[in-house]
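Student: Structure of the sequence below:
(2 chains)
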Number of protein chains: 2
Amino acid sequence: MTVKTVAAGLDIGGTNSVYGLVDRDGNILADGVVKTSQFPDAVDFVAAVYSRIVSLVEGLSGSVELAGIGIGAPMGNINKGTIEYPAGLPWKGITPIADLFRRHTDLPVIVTNDANAAAVGEMIYGAAKGMKDFVVLTLGTGLGSGFVVNGKLVYGHDGFAGELGHTTIKPGYSERECGCGKKGCAETYISATGLKRTLLKILANSLQPSDLRKYSIDELDSKIIYEEAIKGDPLALRAFDYTGRMLGIKLADLVAHTSPEAIFLFGGLAAAGDLIIRPARESMEENLLSIYRGKVKIQLSGLEEKNAAVLGASSLVWSELEHK
Amino acid sequence: MTVKTVAAGLDIGGTNSVYGLVDRDGNILADGVVKTSQFPDAVDFVAAVYSRIVSLVEGLSGSVELAGIGIGAPMGNINKGTIEYPAGLPWKGITPIADLFRRHTDLPVIVTNDANAAAVGEMIYGAAKGMKDFVVLTLGTGLGSGFVVNGKLVYGHDGFAGELGHTTIKPGYSERECGCGKKGCAETYISATGLKRTLLKILANSLQPSDLRKYSIDELDSKIIYEEAIKGDPLALRAFDYTGRMLGIKLADLVAHTSPEAIFLFGGLAAAGDLIIRPARESMEENLLSIYRGKVKIQLSGLEEKNAAVLGASSLVWSELEHK
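Tutor: As a prediction, this is how the structure comes out:
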C-alpha cells in the first residue's frame, strides 16, 4: 500500500488563520479556519491548531504521512522560527511559534512571512514553476514581497529580507503615516488602504461630482472604489491609475536590484487587473534603465486566490525537504 | 615541481584598462595598463591585451598555469559574454568580448559589470570572506552595485542585475538628467559627479562666501570638494552631508530588498570616509523598518583601492571554477 505524503500549511492572519493539508501537486485535501483573535495566548492557539491538523490527517482515507508544517505569518522569521513584533496579531513582542509547535511534534516546522510563503508557493505549485529569478508582490491591506534569486527564496542574513512595502517612495515629500512609524512607505500608496488614501486626496482636490462622495470614510474601501471604477467614475479611475503608476516606480526599482524574469501580483488589489496593471507596466517601463525595457513580465499569480495562503505556507515544507 | 595557478583579471575603463595576474590568495604577481581609447576596434583591443597577458605569464618564474580570464566592464553581461551599449567606452552597440578572447584561447572567459566583479572580489579576497549576504556599492563617477545572496552573486534572469545607480531617488521631483536618459537616477546624487552637482546647487542657493567659488565649474571635482571640506568649508561639508543622506535612503531601500549583513563602500567617494559614511548611516537607520535597525554594517571595502579593479575581475575566474 502506498503512503501519501502531505504538508500542512498554516497562514496566520489578524482576523482568521487558515490551515490545510496539501499534496506535492498542490491539491488541498482538507482545510479549516480558526479565529486568531480568540487566542490571546499563542500557546493555546498552537495547541488548538495542532490538534485540528492531526484530526484532518486522521480524517483522510488511506495511509497518510505528514511531512511537516509550513507557516506564513506577518514578520515570520525563518532563521529563528519566530514571529517578531507583528502589527495586527494578538501576540505582542516575539512569539517562538516553531518551538511552540515542537512541544507537540518532531516534524519540521518552517516559518516565514506571508509574501515569502506566497513566492515559494508560486515556485512550487504556481506560475513560476521552473523560473530561477522572480518576485511576488502581495497587494492586500499592506504591500508584501518575496524575492527568488538563483532558484532560492531570499531570506537575507537575518531572515527578514523582502519588505518592499517599507521602502520609501517619496523621501522627504510624503506626509502619509505608515503603521510602521515611518512616513511615505510604499505600502501607504500601493495597497488596498493606499488606494483609499489616494482617492481621499483626489476627492479633496477635485470639485467633480462622484458617487464616491456618498460613502462614509470608514465605509469606503478598495472594493467600492473598484466597482465605481468599473462603472466609469473618473475619480475612482484616477485613483487606480495613480496607484498603478506608483507601483510601476517600485517595480522599476526592484528590477534594478535583482532583475527578475517575472513579477507576480497577488492579493485583493491585484484582482483589479488592468485597472492597476496597465498603468503599472507603463510607469515601470518609463522608469527602467534601457537594458531592462520590454523584457520583464508582470502577471497575476498562478495560485487560486481562495487557497493561495494555505498553498504558500504548505510549500515551505517541500522547499525545506528539497534543499536538505 | 609544483605548478602555480593564476587568474588573469582585466578591468575595462573608458580611459584605461588595467590587467594583471593574481593567485588564489589575492597576490598580484604582474600587471599592466593599456589605453582603451587607442583601440577604436575591440578586435584589436582584445588581441593586444591577450598578447600582453601571455607575456606576463611567460615572464613569471617557475611553472605557471593560467586558469582563465575575468573581465569587469561597464554593462558587462555574464550570460552572453558581451558588453552592451556602454556609456564611455569607444565600442558602440554590443561587443562580444568573451568570443573575441576565445579566438585566441580555450580558457574560461567570464565577463560582468565592474561592481559585480568588485563584489566577487570582496567575497574571495576581501572583507566579505565567509559572508553569505552582502552588497558592494562602487561610488565613483557613477554608482554601481553588486549583490550577493545565499553566497552567490545576483546576476538576474538576463545577467544585468545590480544597477542601483539607475533607480529613481525622487520620482517626479528631480530635474537632474542622467547619462542613461532618465531623470533623478540615484547616481545623479550619489557619486563623485553627483556630489559636484549638489555642491553647485548649494552654491546657487547660498550667499555664504566659500573658496569653492574660485574654481571654474569644469575644474571643480570631488577631490577639491573633499579638500575644502577637510579645511572646514561649510558648503563643502553640506554637500557631503546631503550626498551621504541620499546614500542612506538608498541603503535603507536595498536592505528591505535582500537584507544583507554588510554593505561595503568602494571607490573614490567612499575614501572620504566619515564625511559620507556618518550621514549615510544616520539616514539609513532613520529610513529602515525597525526590524532591520542597528544590525547592518556599513564599511569600507577590504580590497586595496589601487588593485581592486584587477582583483575583482580576476576573482570571477575562481568563482566560476568553484561553482562548476
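
Student: need the contact list for the closest residue to chain B within the stretch 201-324 of chain A.
Tutor: For the stretch 201-324 of chain A and chain B, the shortest gap (Cβ to the nearest Cβ) falls at residue A:259, measuring 2.5 Å. C-beta: built from backbone N, CA, C; applies to glycine. The contact partners of residue A:259, by Cβ atoms under 8 Å, 6 or more residues apart in numbering or on different chains, come to A:133, A:292, A:296, B:154-162.

Student: when you scan the helix or strand bottoming out on mean pLDDT in chain A, is anything in it near chain B?
Tutor: Least confident helix or strand, chain A: helix A:308-322 with a mean of 91, by mean pLDDT, DSSP states H and E. No. Residues of helix A:308-322 are not located near chain B by Cβ under 8 Å from any Cβ of the partner chain, the shortest gap being 13.2 Å.

Student: Also stretch A:110-122?
Tutor: No. Judged by Cβ under 8 Å from any Cβ, stretch A:110-122 stays clear of chain B, getting no closer than 10.4 Å.

Student: Could you pull up the residues touching residue A:229?
Tutor: By Cβ under 8 Å, 6+ apart, the neighbours of residue A:229 are A:236-237, A:239-240, A:272, A:275.

Student: Quick one: list the elements packing against the top helix by length along chain A.
Tutor: Longest helix in chain A, counting residues (DSSP state H): helix A:234-258. Other helices and strands packing on helix A:234-258, by 3 or more Cβ pairs under 8 Å, 6 or more residues apart in numbering or on different chains; DSSP states H and E, are strand A:134-139, strand A:143-149, helix A:192-205, helix A:222-230, strand A:262-266, helix A:274-287, helix B:234-258.

Student: tell me the secondary structure for the closest residue to chain B within the stretch 101-250 of chain A?
Tutor: Nearest residue of the stretch 101-250 of chain A to chain B: residue A:156, at 2.4 Å (Cβ to the nearest Cβ). Following DSSP: H, G, I helix; E, B strand; the rest coil, residue A:156 is assigned to coil.

Student: try the one 3 residues further on
Tutor: Here residue A:159 is recorded as coil under three-state DSSP.

Student: From residue A:319, how far out is it?
Tutor: With distances taken as Cβ to Cβ, to the nearest Å, residue A:159 is found 14 Å from residue A:319.

Student: any weak-confidence spans in the stretch 151-300 of chain A?
Tutor: In the predicted model, the stretch 151-300 of chain A carries no residue with pLDDT under 70.

Student: At the contact with chain B, which residues of it appear?
Tutor: For the stretch 151-300 of chain A, the contact set with chain B under Cβ under 8 Å from any Cβ comprises A:152, A:154-164, A:166-173, A:180-182, A:249, A:252-254, A:256-261, A:287, A:289-292, A:295.

Student: I only care about the residues you listed that end up buried; give me the ChimeraX line for that.
Tutor: In ChimeraX syntax, the buried subset of those is picked out as below (16 or more other Cβ atoms under 10 Å in any protein chain shown):
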select /A:152,154,155,156,157,158,159,160,161,162,163,164,166,167,168,169,170,171,180,182,249,252,253,254,256,257,258,259,260,261,287,289,291,292
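
Student: nearest residue to residue A:319 other than its sequence neighbours?
Tutor: residue A:120 (5.0 Å; Cβ to Cβ, 6 or more residues apart in numbering or on different chains).

Student: For that neighbour, list the residues it contacts.
Tutor: Taking Cβ under 8 Å, 6+ apart, we find residue A:120 in contact with A:112, A:146, A:148, A:153, A:312, A:315-316, A:319.

Student: what do you get for residue A:300?
Tutor: A:264-266, A:270-271, A:273, A:277.

Student: what is it paired to in the beta sheet?
Tutor: Residues in a beta bridge with residue A:300, per DSSP bridges, are residue A:265.

Student: Give the burial count for the closest residue to residue A:102 other than its chain neighbours, as a bare number.
Tutor: Nearest non-adjacent residue to residue A:102, counting by Cβ to Cβ, 6+ apart: residue A:109, 6.3 Å away. When neighbours are counted by other Cβ atoms under 10 Å in any protein chain shown, residue A:109 registers 25.

Student: same question, residue A:96
Tutor: Other residues close to residue A:96 by other Cβ under 10 Å number 17.

Student: Which phi and psi values does it adopt?
Tutor: Dihedral pair for residue A:96: phi -80, psi 70, per degrees, to the nearest 10.

Student: what's near enough to touch it?
Tutor: A:80-82.

Student: Can you tell me which of those residues comes closest to residue B:199?
Tutor: Closest approach between the contacts of residue A:96 and residue B:199, by Cβ to Cβ: residue A:80, at 45.3 Å.

Student: pretty sure residue A:294 is touching residue A:285, no?
Tutor: Yes. The pair residue A:294 / residue A:285 is scored as a contact, 7.2 Å apart, by Cβ atoms under 8 Å.

Student: For these two, indicate the residue with more neighbours.
Tutor: With neighbours defined as other Cβ under 10 Å, residue A:294 and residue A:285 compare such that residue A:285 has more, 15 against 7.

Student: Around the closest residue to the more buried one other than its chain neighbours, how many other residues sit close by?
Tutor: In space, residue A:285 comes closest to residue A:293 once its chain neighbours are excluded; the distance is 5.7 Å by Cβ to Cβ, 6+ apart. As a burial measure, residue A:293 scores 14 neighbours (other Cβ under 10 Å).

Student: Where do the strands of the stretch 51-200 of chain A begin and end?
Tutor: A:63-72, A:76-77, A:82-84, A:94-95, A:109-112, A:134-139, A:143-149, A:152-153 (DSSP state E, counting those that start in this stretch).
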